[in-house]
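mind folding the following:
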Amino acid sequence: MDQKSLLAFIKSRRTCYQFVAKKESPVTEEQIHICLDAAITAPNHKLTQPWLFWTAGQETTSALADIYADNRASKNAERGSDKYNQLYANAVEKFNLIPSVILVGQTLADDEVTRKEDYAACACAIQNFQLMAWSQDLGMQWSTGPIISDQRTYDLLGISKDQVELIGALYIGHINEGLKPNNQLKRKPLNEVLLTLR
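Take a look at the predicted model:
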């Protein structure tokens, strides 16, 4: 791939919130593994390799759907109320439409400087994952919503918050032209963010 093609490809990537139904077009294990292989090549200071990934099967997805739905519903209604029950049911349905869910965690170093470097490395890994997904016509949303800070998610994964911090839930699925996000970017031009020093 030449430079122009690579730049055009990188610029074409978008966050996706809607996917082709998973029954129609499931995301394969091979596709996920290709993305993960790309993710773990990200730069990381002193080769700390601070990332952990969890792929969610049906049982785990159902448990995550409950956590997701409870967080969404309880934000706007009292638990047990009719409104809560309706919001909860809608959120469970929405979550269960996501074809594939990957959770990303950062192993926590003892010192703060390394933790910052490691978070940056994990973000690079997620970007690598996104680009590899996009190359396979897979869309993705990197979510940092309440599901990744909820103690129930940590319990589900069998991890401790003082050892691993969840930094993202990656929602992945096939995209088609009808579901692709708008290509109009609202990005600042380079000349607004580049400072040239003497």
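
tell me the bridge partners for residue 173.
Legend: beta-bridge partners of residue 173 under DSSP bridges are residue 139.

distance check, the residue nearest the centre of the chain against residue 28.
With distances taken as Cα atoms, centre = their mean, residue 170 lies nearest the centre of the chain, 2.2 Å away. Per Cβ to Cβ, to the nearest Å, residue 170 is found 15 Å from residue 28. C-beta coordinates here come from the backbone N, C-alpha and C atoms, glycine included.

in space, what's closest to residue 96 - neighbours in sequence excluded?
Distance criterion Cβ to Cβ, 6 or more residues apart in numbering; nearest residue to residue 96, sequence neighbours excluded, is residue 65 at 5.5 Å.

check residue 62 too.
In space, and not counting its chain neighbours, residue 62 is closest to residue 96: 7.7 Å by Cβ to Cβ, 6+ apart.

surely the one you found meets residue 63?
No: counting by Cβ atoms under 8 Å, residue 96 stays clear of residue 63, with 11.7 Å between them.

quick one: pLDDT of the residue nearest to residue 62?
As predicted, residue 96 sits at a pLDDT of 95.

and for residue 179?
For residue 179, pLDDT reads 65.

same question for residue 1.
84.

contacting residues for it?
residue 9 (Cβ atoms under 8 Å, 6 or more residues apart in numbering).

just the helices in this structure please.
In the chain, the helices defined using DSSP state H lie at 3-12, 29-39, 58-76, 82-96, 112-135, 151-157, 190-193.
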